[in-house]
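Asker: below: sequence and its predicted model.
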Amino acid sequence: MSSDAMAIRTAEAAGRPWVEVLHEWVTTVDHKRLGIFYIVYALVFLVIGGIEAVIIRIQLMRPLNDFVTPQVFNRMFTMHGTTMIFFVAMPVLFGFANYLVPLMIGARDMAFPRLNAFSFWLMALGGFLLYFSFVGGSGLYGAGNAPDVGWWAYAPLTSRAFSPGHSTDYWTIALLVSGFGSIGTAINLIATILCMRCPGMTLGRMPLLAWLNLVMSGMVLITITPLSAAQIMLMVDRYLGGHFFDTQAGGSAALWMHFFWIFGHPEVYILILPCFAFMSEIIPVFSRKPIFGYPVMVGASVAIGFVSMSVWAHHMFSIGMSSYANAFFTITTLSVGVPTGIKIFNWLGTMWGGKIQFKTPMLFSIAFLFQFLIAGLTGIMLGSAAFNWQLTGSYFVVAHFHYVIVGGILFALFGAFYYWYPKITGKMLSETLGKLHFWLFFIGFHMTFDLMHIPGLLGMPRRIYTYEPGRGWDTWNLLVTIGAFVQSIATLVFVANLIISYFKGRDAGNDPWDAWTLEWSVSSPPPEYNFATIPTVASRRPLWDIKHPEDPDSRYE
Amino acid sequence: MAMAENERTEGGLLLSRVLSVLVILAGILFAAQLCVAAPAQPDHSHVSNIFDPHSGNAGILYRLGNFVLSITGLIFVVVFTLLVYVVVKFRSRAGDNGREPAQVYGSTQIELAWTVIPILIVVVLFLATARVIHAIEDAEQPTNAMEVTVIGHQFWWEYRYPALGVVTANELHIPVSDPAHPRPTFFKLLSADTDHSFWVPQLGGKTDLIPNRINKIWFSPQETGVFLGQCAQYCGTQHAKMLLRVSVDSTEDFDAWIRAQKLPAIQDEKEAAGRRVFETTACLNCHAVGGTNGTGRFGPDLTHLMSRQTIAAGAAENTPANLRLWIQNPDAIKFGSLMPAMKLSDADLDALVRYLETLK
């Protein structure tokens, strides 16, 4: 009898019903599985947000185009912005943080595994609610009722007088719900990083990735809170007769702007800091040198976190603030350039004197440096309040922040995918497809976003669904649209690479890049609970110490 | 083998870098200028280039912009050169001994240098900017300044000249301000509904019109001509077709225009039928025509409709055919505008259009 039971169990293990597997995944509290959930979820929304971008670009391809109606166009840019920020960039970065932070600090899981799962499912619900607006936005009228108030949803356009129906409510609730998820993840990351480090890993020996995610999480706690408060106030305005932002009853439109941008600008740094983290791991490994100036890099990250909390009103230079306020936000904004500059120079210092290997992750990292430099410089132009009066609200600013988000964040993310995919799946991504992806995306990116600056300088405002011919904008817009298609093709190559390599990729082994941080000491993919015995570290590069016992880092730090 | 592949990739990388830089520099710094190079006569009616300023205040912003561009351009050249040098010089090479390079952990002096130099640059840029902010925002209003109130509506512009008793829409007239005898125009910016932004790139930077808030800007245009602008803050469905044009007139032309605008509407008895349509349908709920019982304020004042070149905030030329279409089916010209389709009989419609054509 006992032998029968054994036999049955073995059969189950070999081909378990898919329901059981699904159940195991859905109810998981494992940080690696949740990390994969976040990443896959974000990739799905990346494709959706990308399709919205392509619709926008087709409409603007030529003057007086009628590919979509103005209403659909307005919904597209609202959904594109909201999707890309809240349901692509945030989750994918949380996904990597979830997956990597415990592995890199020698922990077996996050501090609060159940909170971790709860946070993910809240964010997933938020994304679902946002897109449910297409059918539920204004009764069940079918597609076409999504939010159309812009991703920053300025008052009083969101008041019931100008935004009847429920599309704005779906936007509000989607952000509120996913915001709670973000707060949960931030608390979890902070607790994990502060309390779960393995023996020997002092704060000063922590990988920069953990440091940057610590700063990022702190910023999430500080900035998502006012955003959530503002969403609740907006709901009160819309349904309980409040007048926070209701200008017709004495409310203040500028108040919403302050609430939104005290979230909105630090949000950019919330997104870019984890990307700095990827760069700070990838660049050293492919330059074969330790990070240059670790303490300064940590200091610069914390400084960016602090300073970025005091720059929000540079989004509001045109709202008629006093000259003192404009001058204040000019100096704070420009001063972000100092710690950011330090970071760029320290990455260059890391590469200096190294032996740079041009593997796909490094190609994306070099392109990141180049593009982030330009994005920073156009940021300085925009940070000069008086010059900003000409540039803001135009295609110049659209080009600038896409330079940050695509040229910076997305390139860094692609680098991270190529770098850690082998750890997550156990398979290498194809280098051939990777290089094709890189070059196509690089060309498409520059075609789109370099040229997009120009119509802005020629007076083309953002968020217009069409324009008259003969303003000097036509050719630029056509080229920008062609570039968008090149980027779309490159993204398809990337997705194909992810899928093909999963099934046919070369086995990665534990440590395909000859790297130095703890995640490369375990198998790929890592076992459940990561470490059979908790490691002990003596330096910032524990694997370097193991590989070079004659000359360990611990001797110098 | 692998090394050879690296070499190739890198050659391509460099080439592409150089190309992109050319594109960026050529684009950002020069293309804007090239686009306006040709015209022999100062016709600004199709151009709105921020690098082609035609007012004193826009000129101040233009000079600041050039200054910031040259500093950031310089930074770009230095850091980019450094990046290219590092990538080329420190690439891993074929025939390498396979050993790890020297492990360098940092250098306090050099890190201090690249902290202090950016701080100095920031201070310089800040001082240059603060000066311009002060020059523009804290400028005293001269006693001879022209005063105009701009009110943003979904999706059109209302202009009021409080001292002159003139009300018009979408096409603004202001006097030229001779630098020898400056006569700037000071604007008070208001909104009737949502946020808008008033932007005429060649005459000045943008300033938002926000409900429940009074904003102020000024222009000192130094050349006559027509300048294009449009709403630069998303304000709803037809944000795209909330265009405006500014006619900068010589003092004589401006005075003549004001005299004409102050006259009551022309009463042409031949078109009494059309006037009756205007006065007996919903038109007068939103539109005013001086001398009739139409005093509505939701839509543009039509007293001197025919003095304007465009209708529907620049969405269409002001022709009889367009006027007829606009009244019959506004969505055909500007989908989502707040002007309703008037559902008039053909006879009434023709009469109304003929009447409107008399409103010179």
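Answerer: Now that the structure is in, tell me what you want to look at. Numbers count the residues shown, from 1 in each chain, chains lettered A, B, ... in the order given.

Asker: tell me the phi and psi of whatever residue of chain B ends up closest to chain A?
Answerer: Distances between chain B and chain A by Cβ to the nearest Cβ are smallest at residue B:205, namely 2.5 Å. In this view, the C-beta of every residue, glycine as well, is placed from N, C-alpha and C. Per-residue torsions, residue B:205: phi -70, psi 170 (degrees, to the nearest 10).

Asker: these two touch, right, it and residue A:393?
Answerer: No. Using Cβ atoms under 8 Å, residue B:205 makes no contact with residue A:393, being 10.0 Å away.

Asker: neighbour count winner among the two?
Answerer: For residue B:205 versus residue A:393, neighbours defined as other Cβ atoms under 10 Å in any protein chain shown are more numerous around residue B:205 (29 against 25).

Asker: any shared contact partners between residue B:205 and residue A:393?
Answerer: Common contacts of residue B:205 and residue A:393 (Cβ atoms under 8 Å, 6 or more residues apart in numbering or on different chains): A:318, B:199.

Asker: re earlier: any idea how far residue B:266 is from the residue of chain B closest to chain A?
Answerer: Distance from residue B:205 to residue B:266, counting by Cβ to Cβ, to the nearest Å: 39 Å.

Asker: can you tell me how far residue A:210 is from chain B?
Answerer: Using Cβ to the nearest Cβ, to the nearest Å, residue A:210 is found at 19 Å from chain B.

Asker: now do residue A:468
Answerer: With Cβ to the nearest Cβ as the criterion, residue A:468 and chain B are 8 Å apart.

Asker: residues in contact with that residue?
Answerer: So residue A:468 contacts A:63-64 (Cβ under 8 Å, 6+ apart).

Asker: measure residue B:82 to residue B:61 for me?
Answerer: 31 Å.

Asker: higher neighbour count, these two?
Answerer: Between residue B:82 and residue B:61, residue B:61 has the larger neighbour count (other Cβ under 10 Å), namely 25 against 16.

Asker: sec struct for that one, please.
Answerer: helix (DSSP: H, G, I helix; E, B strand; the rest coil).

Asker: check residue B:227 too.
Answerer: From three-state DSSP, the assignment for residue B:227 is strand.

Asker: now do the phi/psi pair for residue 359.
Answerer: Picking chain A for this. According to degrees, to the nearest 10, residue A:359 has phi -80, psi 160.

Asker: my bad, chain B
Answerer: Torsion angles, degrees, to the nearest 10, at residue B:359: phi -80, psi 70.

Asker: doesn't residue B:264 make contact with it?
Answerer: No. Checked against Cβ under 8 Å, the pair residue B:359 and residue B:264 is beyond contact range at 10.5 Å.

Asker: any shared contact partners between the two?
Answerer: residue B:303.

Asker: give me the more crowded residue out of these two.
Answerer: Legend: neighbour count by other Cβ under 10 Å for residue B:359 and residue B:264, higher for residue B:359 (20 against 11).

Asker: could you report the neighbour count for the nearest residue to that one once chain neighbours are set aside?
Answerer: With sequence-adjacent residues excluded and distances taken as Cβ to Cβ, 6 or more residues apart in numbering or on different chains, residue B:359 is closest to residue B:305, at 4.5 Å. Residues near residue B:305, counting by other Cβ under 10 Å, number 21.

Asker: please enumerate the helices of the stretch 401-550 of chain A.
Answerer: Under the criterion DSSP state H, counting those that start in this stretch, the stretch 401-550 of chain A contains helices at A:411-425, A:431-457, A:474-504, A:542-547.

Asker: same list (these) but as JSON lines, adding mean pLDDT.
Answerer: Converted to JSON lines, the helices of the stretch 401-550 of chain A look like this (pLDDT from 0 to 100):
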{"stretch": "helix A:411-425", "mean pLDDT": "97"}
{"stretch": "helix A:431-457", "mean pLDDT": "97"}
{"stretch": "helix A:474-504", "mean pLDDT": "96"}
{"stretch": "helix A:542-547", "mean pLDDT": "94"}
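
Asker: quick one: which of these is nearest residue B:55?
Answerer: helix A:431-457 (17.2 Å; Cβ to Cβ).

Asker: any part of the closest one near chain B?
Answerer: Yes. With Cβ under 8 Å from any Cβ of the partner chain as the criterion, chain B is reached by helix A:431-457 at A:435, A:439, A:442-443, A:446, A:450-451, A:453-454, A:457.
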